[in-house]
Structure formats: C-alpha cells, structure tokens
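**Q** Here is the input, now give the coordinates:
(one chain, ligands or ions: 1)
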Amino acid sequence: MPRVWIEKILDEPELYLLRIDDDQIKYFEATWGIPEGITYNAYLLKLDGAVVLFDAWKKNYAKEFIEALSKLVDPEEITHIIVHHTEPDHSGSLPKVLELNGYKAQLIGTSFAKRLLEAFYGSKAVENFYTIKDGEEMKIGGKTFRFITVPWLHWPDTMITYIVEHGLMFSCDAGGGYSIPKGIDDSNEEIVQNYLPYVTKYIVTVIGHYHKYIIQNIEKLKKLGIIEETKMILPGHGLIWRKNPKRIFEYYEAVGAGIPKKGKILVIYDSMYGFVEKTIEIALDELKKHGYNPVVYKFTDKEAPAVSDILGEVPDSEALIIGASTYEANIHPRVRYVLYEIVDKANYEKPVLVLGAYGWGGVAGREIETMIMRSKFDHVDTIEAKGRATKEDEEKIREGVRKLLERLNK
Ligand SMILES: Cc1cc2nc3c(=O)[nH]c(=O)nc-3n(C[C@H](O)[C@H](O)[C@H](O)COP(=O)(O)O)c2cc1C
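**A** Below you'll find the predicted structure:
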C-alpha cells in the first residue's frame with residue numbers, strides 16, 4: 001500500500017511536505033516501466049494570513065491527499081494554490097481540493113497552465129486563476145514569491161516558485177526522479193546514491209525529448225543567481241535537496257550534457273536464434289581484452305528488458321554497440337523501438353558500432369545507420385554476418401571494436 005508522509009520541513013516559515021509513495025504504478029505515463037515506483041510531493045506553507053498549497057497528487061490518490069492535507073489545515077482555509085505544472089500526476093487531486101475549499105483560493109500559474117487546467121477540469125477550476133508573468137514577484141503572507149517560467153521542463157506550462165527571503169525553490173518536475181527513497185531528503189548519502197540512477201532514468205524518459213531545455217533553463221536560473229543562493233530545492237518527485245541543493249542541478253546538467261563514465265560501453269541487441277549473439281560475444285571479448293566492462297541488455301526468447309532502464313544507461317555511457325537481426329526487411333522490432341527512443345530522448349554525440357546478422361539480404365544494418373546518421377550519434381562501422389559469423393566476420397568485428405575504442409581515446 002502507498003505510504004503517506006506528512007513531514008514538517010521547516011519551523012520558520014512553517015513548511016510541510018505531503019508525499020505519497022506510489023508503489024502500485026507499473027508504467028509511468030502508460031509507457032515507462034518503473035517497478036521502483038515514484039513519489040508525488042506536494043507542499044503546504046502556513047504564513048501570516050495565508051495558507052499556500054504547492055501542487056497536489058495524482059487523481060487515484062485524491063482521497064488520501066485530502067486526508068493528509070486535512071491533518072494540517074481545513075481545506076477551506078487554503079488561500080493560494082500554486083500550480084507549477086498541470087500534468088495530472090500533480091494536478092489530479094486539485095478538483096477535490098477546490099471543491100472542499102469552496103473555490104475561494106487563488107490559483108497561480110502560467111497562461112499555459114490556466115488553459116490546460118480548464119481543458120482537464122472545466123472552467124470552474126480556473127474561475128479564480130491568476131496568470132503570472134515570467135519573473136513576476138508577489139507578496140503573500142509577508143513573503144516574496146518569485147515565479148520563473150521554465151518552459152519545456154517538460155511541458156509548455158512549467159514554472160518554479162522561489163521564496164526570496166528563505167531561498168526556497170519549489171521546482172516541480174525539475175530536480176525530480178523515479179523510485180521511492182527511504183528518506184525525504186539528501187541528508188543520507190546511501191539513500192542519495194541509490195536514488196541518483198533513477199534520477200537519470202527519469203530525466204531521459206520524461207524530459208529527454210526536450211533535453212536541450214534542461215541546459216537552457218538551468219542557465220536561466222544560474223543567470224538569475226537563484227541556483228547559487230538557493231537553500232532548499234523542493235521537487236514534485238523524490239528527494240528534497242537541502243544539504244547540498246546545487247548538487248541536483250549539477251546532476252541534471254551532467255545528464256543533459258551526456259557526461260560519460262570512463263569505461264562504460266552500453267551494448268544492446270536482439271537475438272532470435274543466437275546468430276546476432278555470436279557477433280556480440282566476439283565484440284564483448286575484444287572489449288574485455290582492452291579492459292572494458294560493458295553493460296549489456298539483450299532481447300531474446302527468454303528476456304525483454306525494460307526500455308526505460310536501457311534509456312537510463314545512455315547518458316553516462318562512453319559509446320554504444322547495437323546488435324540487430326534483419327526481420328521482415330527491417331530492424332528487429334525490439335531493437336527498432338529502443339533505437340527510436342534513444343535517438344528521440346537520449347540523443348548524444350557518442351560513437352556507435354553496429355553489428356548484426358541476416359538470412360537472405362541484410363537490411364537492419366543499413367536502417368540503423370540511417371537512424372544514426374540523422375541523430376547526433378557518431379557512426380563508426382557496421383558489420384553484419386550472413387547467419388553464423390565466419391572467421392573473416394570475426395576479424396572485422398574485432399577491428400570495429402578497436403576503431404570504436406580509438407574514437408574514445410582521441
Ligand atoms: C520472422 C523472421 C523474419 C526474418 N526476416 C528476414 C529478412 O527480411 N531478411 C533477411 O535477410 N533475413 C530475415 N530473417 C533471418 C534472420 O535475420 C537471420 O536468421 C539472422 O541470422 C537471425 O539472427 P538471430 O538468430 O540472432 O536473431 C528473418 C528471420 C525471422 C525469424
């Protein structure tokens with residue numbers, strides 16, 4: 001059952017975390033396999049003469065959200081609701097909150113957020129909506145709220161809120177990650193280390209399509225001096241960053257830029273009857289001879305890894321080896337889908353070696369080359385075997401691996 005956390009984060013100003021651990025979800029956005037689950041984080045701030053709610057939870061947990069919220073405040077007393085991003089994993093419970101609030105609270109968000117809220121929940125939901133301008137400041141309960149738009153992180157509606165006097169940054173999806181961390185913040189390094197790979201997976205699968213905006217928006221926040229001075233980052237998923245708040249944005253930047261881990265080669269392949277696998281075994285042997293320790297994902301008649309996990313491995317890889325069989329004059333469907341998603345969401349300047357096997361006319365290699373040529377990836381070579389790899393193929397594969405490694409050492 002999902003665990004609910006109601007945690008006081010600060011005494012002054014009086015700030016609470018409302019978090020639910022969604023361990024029931026299987027596919028985030030009905031696509032990305034996340035057996036590790038995800039948390040939805042909302043925040044409540046009690047000020048002099050104002051009660052401010054920052055976002056909410058998914059609709060499935062509206063009942064739990066109201067119960068948790070009601071332990072801190074009568075929903076009728078909420079004066080402001082800040083909507084950072086309208087994706088229903090954050091906004092789904094808002095209609096229930098508004099109903100219990102008697103629609104008295106002022107909603108605050110971008111013009112895009114207003115339009116989307118209306119489309120999702122009807123015109124009554126936005127009756128009392130205030131549309132902010134980028135950089136606008138507003139006094140609420142004696143504090144200065146600065147609203148900064150961060151479009152395409154990862155919807156057009158997205159903004160963050162910065163409370164100037166206390167250096168509090170409510171960042172919604174930016175700074176978030178998958179999984180259900182055992183704590184609420186970054187104070188325990190073991191929890192952080194377990195969590196960070198799920199941050200990468202989240203960035204690639206959820207924000208990856210717009211990954212240039214990660215860099216752009218972080219630059220924007222840097223220029224405003226906000227990242228430098230912030231004391232706490234409070235995202236809509238995962239851990240709160242208070243011990244070292246800058247760390248999560250540095251991590252986001254590193255993933256956005258695809259900074260590689262020395263020696264990590266990602267190998268992805270399909271093999272129906274073992275012929276592609278043979279070409280991969282030769283490549284793995286050559287990699288090992290050169291001291292590399294590859295990370296391997298394979299699609300066979302016994303296993304099909306989650307595409308979300310594979311995507312999470314791309315940003316910190318030095319290079320990729322893709323192995324595919326030709327299937328009905330195309331790339332095997334499993335590898336075709338993975339590649340499509342990699343090129344779309346994890347498109348980096350990294351070298352790629354293509355291996356494969358075919359029966360009567362190799363097509364997969366050529367098709368993969370075309371996909372790579374249209375991406376930022378750097379095509380090194382394509383070597384395909386007609387069925388079983390011959391001695392000659394073996395030599396070419398080993399040579400291909402050496403060429404791939406040379407690119408890394410340039
Ligand atoms: C359903 C199916 C479709 C195939 N389509 C093609 C094809 O269009 N062209 C071709 O050359 N080989 C085709 N093949 C043959 C495979 O590409 C070939 O046997 C290859 O060696 C398979 O490698 P693997 O056993 O590692 O998957 C097909 C095989 C299967 C099972």
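
**Q** Skipping adjacent residues, who's closest to G49 in space?
**A** G141 (5.6 Å; Cβ to Cβ, 6 or more residues apart in numbering). To be clear about C-beta, it is placed using only N, CA and C from the backbone, and glycine gets the same treatment.

**Q** er, Y61 actually
**A** The nearest residue in space to Y61 (Cβ to Cβ, 6+ apart) is I20, at 5.2 Å.

**Q** residue contacts, the one you found?
**A** By Cβ atoms under 8 Å, 6 or more residues apart in numbering, I20 lies in contact with P2, R3, V4, W5, T39, Y40, W57, Y61, E64, F65, A68.

**Q** Roughly how far does the third one sit from L266?
**A** What that stands for is V4. Using Cβ to Cβ, to the nearest Å, one obtains 37 Å as the distance from V4 to L266.

**Q** Looking at those two, which is more packed in?
**A** L266 (22 against 16; other Cβ atoms under 10 Å).

**Q** how close does the more buried one get to D157?
**A** 33 Å.

**Q** next SSE after the helix or strand harbouring the residue nearest to Y61?
**A** Per DSSP states H and E, I20 falls inside strand 14-22. Counting by DSSP H and E, the next helix or strand C-terminal to strand 14-22 is strand 27-28.

**Q** Please report the distance of D134 from E165.
**A** D134 is 21 Å from E165, by Cβ to Cβ.

**Q** And the pLDDT at the residue nearest to G49?
**A** We have a pLDDT of 97 for G141.

**Q** what does D316 give?
**A** At D316, the pLDDT value in this model is 96.

**Q** which SS class is it?
**A** Following DSSP: H, G, I helix; E, B strand; the rest coil, we place D316 in the coil state.

**Q** T144 now?
**A** T144 is classified as strand under three-state DSSP.

**Q** List the residues that contact the closest residue to it other than its chain neighbours.
**A** Among residues not flanking T144 along the chain, V164 sits closest, at 4.1 Å (Cβ to Cβ, 6+ apart). V164 is in contact with E137, K143, T144, F145, R146, counting by Cβ under 8 Å, 6+ apart.

**Q** Quick check: V164 vs the ligand, distance?
**A** Distance, V164 to the ligand, by Cβ to the nearest ligand atom, to the nearest Å: 60 Å.

**Q** I331 now?
**A** The value you get for I331 to the ligand, if Cβ to the nearest ligand atom is used, is 10 Å.

**Q** Then I322?
**A** Taken as Cβ to the nearest ligand atom, the span from I322 to the ligand is 13 Å.

**Q** and what of D185?
**A** In terms of Cβ to the nearest ligand atom, D185 sits 47 Å off from the ligand.

**Q** How many neighbouring residues does the nearest residue to I203 once chain neighbours are set aside have?
**A** Closest residue to I203 apart from its sequence neighbours, by Cβ to Cβ, 6+ apart: V255 at 4.8 Å. V255 sits with 25 neighbouring residues when counted by other Cβ under 10 Å.

**Q** do the same with T161
**A** Quick note: T161 (other Cβ under 10 Å) scores 26 neighbours.

**Q** For it, what is the enclosing helix or strand?
**A** Assigned by DSSP H and E, T161 falls within strand 159-163.

**Q** ok, now T382?
**A** Going by DSSP H and E, T382 is in strand 378-386.

**Q** can you give me how far the next helix-or-strand element following that strand is from the chain middle?
**A** Next helix or strand after strand 378-386 toward the C-terminus (DSSP H and E): helix 391-408. In terms of Cα atoms, centre = their mean, to the nearest Å, the centre of helix 391-408 is found 34 Å from the chain centre.

**Q** Helix 391-408 to strand 378-386, inter-axis angle?
**A** On the basis of axes from the mean of the first three to the mean of the last three Cα atoms, to 10 degrees, helix 391-408 is oriented at 170 degrees to strand 378-386.

**Q** So for helix 391-408, what gets flagged as buried?
**A** D393, E394, K396, I397, R398, G400, V401, L404, L405, L408 (16 or more other Cβ atoms under 10 Å).

**Q** Repeat that for stretch 37-48.
**A** G37, I38, T39, Y40, N41, A42, Y43, L44, L45, L47.

**Q** Show me which residues of the protein are close to the ligand?
**A** 271-277, 325-329, 357-362, 387 (Cβ under 6 Å from any ligand atom).

**Q** what about 5 Å?
**A** Applying Cβ under 5 Å from any ligand atom, we find that the chain lies next to the ligand at 271-273, 275-276, 325-329, 357-361, 387.

**Q** In helices only, show me these.
**A** F275, V276 (DSSP state H).

**Q** Which among the residues of the chain next to the ligand count as buried?
**A** Judged by 16+ other Cβ under 10 Å, buried ones among these: S271, F275, V276, S325, T326, Y327, A357, Y358.

**Q** so what's the closest residue to the last one other than its chain neighbours scoring on pLDDT?
**A** The reference is to Y358. Nearest non-adjacent residue to Y358, counting by Cβ to Cβ, 6+ apart: T326, 3.8 Å away. At T326, the model reports a pLDDT of 98.
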